[in-house]
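Asks: coords please:
(chains A, B, C and D)
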2 protein chains.
Amino acid sequence: MKRGNQERYQLQARILKALAHPARLAMVDELACGERCVWELTDLVGSDISTISKHLSILRASGLIESEKRGTSVYYRLRCPCITQLLGCVEATMKEDVRKRLKVIKGRGR
Amino acid sequence: MKRGNQERYQLQARILKALAHPARLAMVDELACGERCVWELTDLVGSDISTISKHLSILRASGLIESEKRGTSVYYRLRCPCITQLLGCVEATMKEDVRKRLKVIKGRGR
DNA sequence: TGCCTATTTGGTAAAATAGGCAAATATAGG
DNA sequence: CCTATATTTGCCTATTTTACCAAATAGGCA
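Replies: Numbering: from 1, shown residues only, chains lettered A, B, ... in the order given. This is a model prediction of the structure:
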């Protein structure tokens, strides 16, 4: 494989891995609406708060979100609004997939 | 969390997880150029052929690729061209991230 | 100061993932 | 039928991920 690509794929994989968890997707989706603090996200997802905190630190380590402490709470927000587009693409891929599967089933059941 | 979303996030996570590996990203990127058989991808990535085969089966299980046996080889191809867009989004997110980090570093005179 | 609230960290156990080797399969050709 | 080629599967080990509880931290404030 071309040498430069190797590294690029690793970086891409790091981002994708950070997103590849239902709870983290839910949180990113919520953060797309605006910043939230940990307990708000905990309410949303429903896991232990320490679990949420760890998910958030994974997202932060990947560079997708950033945090700021204000008063007694820590607020998280998306670093790049473009993540929403990315999620839109995932959604589109899912839909396209479903569409294709249906076509196969209806078409001939190959 | 809204109940319907729970399931949607799981589906999205499944797709993202399938993509979240450097070798699989390399293979998808290659398949974006056209169909390839297993040994061609093995050459590209450089792992054991059984490992490649397993990566391919993960991608196939996720619905991102499909395979067809012709003659003595099995050819794999993308099921939805839209995956390339998705990868483009990941790339854009990465770049945006780098841009932001640089800004921060410059800002404080690293 | 010392308590309270919000959040992070450490420890740990279970589950999932990754990768290689060897064995099993499948097919083309002689 | 037998062999060579292409691919998949089984087995096993090492690593990573996930989640919870309990304990540690960090600020704000009575």
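Asks: Where do the strands of chain A begin and end?
Replies: A:36-37, A:65-70, A:73-78 (DSSP state E).
Asks: deepest of those strands, which one?
Replies: strand A:36-37 (a mean of 18; mean count of other C-beta atoms under 10 Å in any protein chain shown). For glycine as for every other residue, the C-beta is placed from the backbone atoms N, C-alpha and C.
Asks: wait, residue A:93 sits on residue B:87?
Replies: No: using C-beta atoms under 8 Å, residue A:93 is not in contact with residue B:87, being 10.3 Å away.
Asks: could I get the strands of chain A as JSON lines with mean pLDDT and distance to residue A:43?
Replies: Below are the strands of chain A laid out as JSON lines (pLDDT from 0 to 100; distance: least, C-beta to C-beta, whole Å):
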{"stretch": "strand A:36-37", "mean pLDDT": "97", "distance to residue A:43": "10"}
{"stretch": "strand A:65-70", "mean pLDDT": "95", "distance to residue A:43": "18"}
{"stretch": "strand A:73-78", "mean pLDDT": "97", "distance to residue A:43": "13"}
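Asks: could those go into CSV alongside distance to chain B?
Replies: Formatted as CSV, these follow (distance: least, C-beta to the nearest C-beta, whole Å):
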stretch, distance to chain B
strand A:36-37, 13
strand A:65-70, 9
strand A:73-78, 10
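Asks: May I see those strands organised as a markdown table, with distance to DNA strand C added?
Replies: Output for these, formatted as a markdown table (distance: least, C-beta to the nearest atom of the strand, whole Å):
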| stretch | distance to DNA strand C |
| --- | --- |
| strand A:36-37 | 3 |
| strand A:65-70 | 6 |
| strand A:73-78 | 4 |
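Asks: Residue A:93 and residue B:87: which is more packed in?
Replies: Counted by other C-beta atoms under 10 Å in any protein chain shown, residue A:93 and residue B:87 do not tie: residue A:93 has more neighbours, with 24 against 20.
Asks: so what pLDDT did the more buried one get?
Replies: We have a pLDDT of 90 for residue A:93.
Asks: how close does it sit to residue B:49?
Replies: 27 Å (C-beta to C-beta, to the nearest Å).
Asks: Could you do residue A:26 as well?
Replies: Counting by C-beta to C-beta - residue A:26 and residue B:49 are separated by 38 Å.
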